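Chemist: I'd like to go over a predicted model; first the sequence, then the structure.
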Amino acid sequence: MATDVDIKKLLEAGAHFGHKTSRWNPKMKEYIHSKKNGIHIIDLTKTVEKLNEALEFVTKLSKSSQQILLVGTKLQSQEIIKDLAQKIKMPYVTERWLGGTLTNWNTISGRIKYLKDLEAKMTSGEFQNKYNKLELQRVQEEIDDMNHIYGGIKEMNSKLGAVFVVDSTANSIVVREANKLKIPVIAICDSNSDPSKITYPIPANDDAIKTIQLIADYIYQAFEAGKSAVKSI
């Protein structure tokens, strides 16, 4: 095992709280334990089982040095996902998903190349010798705006090992693009999710910061376990 998933920690993090029963997706039935006060309670024994499967896959990807694109666009997940991505040096998206990021990579990579070119010319002093102060400010603003959109995926490869998504319902476009390209998807699936579109569904509360952080921590541990295994060979 890449890491040891603790069901008590999942319980303490509120991972078992689903959405209101009126909002559920019947395809999540096998992961639902019960109903309480009008909300679905997720079966944490299933969460442990599916999370372990996902973590084993993450370790495998880490061993083979494949990239995982981390996606968390909802407010409560943005900093967690960005922090995880920076620690394991993986591409990420925490702002609005730009349609075609995966399926229209040629166009997206062209924009990233343009951004890198601007940054290189700014760093080298080429622009400083060519433009006045106001023009330089406008170039810098363009660089900042582009980094806001593309900054997290500047070093992303054209071929990904997997995509990790915090909320598969809110990020259904991401899942659809990954499915189209046959890229494995790991995702936290709340009671309103469609797990049939996810390669490695993790049934859990996708709104609670503590739950998102805990799962992110487990992914970090699994990734590091893969790196350590390579070093020990």
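Modeler: Received, thanks. Worth saying up front: this structure is predicted, and the values here are computed from it rather than measured.
Chemist: drop to CA atoms for contacts and neighbour counts, all remaining ones
Modeler: OK.
Chemist: flag the shaky bits of the chain, pLDDT-wise.
Modeler: Scanning the chain for pLDDT under 70 picks out the ranges 1-3, 232-233.
Chemist: ok, for Ala229, nearest residue in space, not its chain neighbours?
Modeler: Spatial nearest neighbour of Ala229, chain neighbours left out: Lys63 (7.0 Å); criterion: CA to CA, 6 or more residues apart in numbering.
Chemist: with Asp207 instead?
Modeler: Using CA to CA, 6+ apart and skipping the chain neighbours, the partner closest in space to Asp207 is Gln76 (7.1 Å).
Chemist: need phi/psi at that neighbour.
Modeler: Here is the backbone geometry of Gln76 (degrees, to the nearest 10): phi -70, psi -10.
Chemist: would you list every one of the strands in this structure?
Modeler: Taking DSSP state E, the strands of the chain run over residues 17-20, 32-36, 39-42, 68-71, 92-93, 162-165, 185-189, 200-203.
Chemist: ok, Thr47 - contacts?
Modeler: Shown in contact with Thr47 (CA atoms under 8 Å, 6 or more residues apart in numbering): 31, 202-204.
Chemist: quick one: which of those has the most company?
Modeler: Ranked by neighbour count (other CA atoms under 10 Å), the contacts of Thr47 have Ala204 at the top, with 32 neighbours.
Chemist: returning to that earlier point: can you get me a residue count around the residue nearest to Ala229?
Modeler: Lys63 is flanked by 18 other residues according to other CA under 10 Å.
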